[in-house]
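J.: no sequence on this one, just coordinates:
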């Protein structure tokens, strides 16, 4: 399968109210973290030092799930978006009835409370990353290097046959 990697600055074209799955070429960052002393706000001070980066290909999504001011006002009054709003907007409301749409790349994962997302943000240096809440502000957890269209392989004309014996 030939993959055409694209720059995150040139995202996929997605209609408003829709999302698309993409392949993401990322670097996962690992840190050494040390605790000691108190920070200026009186909390435990932590120092994180980048230990390693590992390149991998993972599933991400790109969403254009935004709402207009009129749609938000209707949703706040009625508890759901108007029928004229794009398809998935009601799916982006949390358990408190608040709309949390997304416009950009994001990672989706299951947590005990349901599905969660981590949005990818563009930094002032032009990198795209998911900031780590654990390793401290300004430390990326995942850096998005490139993305590609999520293509499912075709079923081959001839199915592979495997024996049960090891080679």
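T.: Sure, I can see it. Computed from a predicted structure; not experimentally measured.

J.: who touches the lowest-mean-pLDDT helix or strand in the chain?
T.: Least confident element among the helices and strands of the chain, by mean pLDDT, DSSP states H and E: strand 114-119 (a mean of 83). For strand 114-119, contacts defined as CB atoms under 8 Å, 6 or more residues apart in numbering pick out 61, 102, 104-110, 130, 141-142. No exception for glycine: its C-beta is placed from N, CA and C like everyone else's.

J.: domain ranges for the protein?
T.: 1-66+101-152, 67-100 (automatic domain parsing).

J.: which residue ranges of this structure form strands?
T.: Here the chain has its strands, by DSSP state E, at 18-38, 44-65, 102-111, 114-119, 121-122, 128-131, 140-149.

J.: so which of those is the most surrounded?
T.: Stretch with highest mean neighbour count among the strands of the chain: strand 128-131 (a mean of 21; mean count of other CB atoms under 10 Å).

J.: so which elements touch that one?
T.: strand 121-122, strand 140-149 (3 or more CB pairs under 8 Å, 6 or more residues apart in numbering; DSSP states H and E).

J.: now for the first one, which elements pack on it?
T.: Packed against strand 121-122 by the contact rule (3+ CB pairs under 8 Å, 6+ apart) you find strand 128-131.

J.: can you pull the contacts of the residue nearest to residue 85 when sequence neighbours are not counted?
T.: What sits nearest to residue 85 in space, not counting adjacent residues and going by CB to CB, 6 or more residues apart in numbering, is residue 71, at 5.0 Å. Neighbour list for residue 71: 81-82, 85, 89 [criterion: CB under 8 Å, 6+ apart].

J.: residue 56 is in contact with residue 23, isn't it?
T.: No: if you go by CB atoms under 8 Å, residue 56 and residue 23 don't touch, sitting 10.6 Å apart.

J.: find residues that contact each of these two.
T.: In contact with both residue 56 and residue 23: no residue, using CB under 8 Å, 6+ apart.
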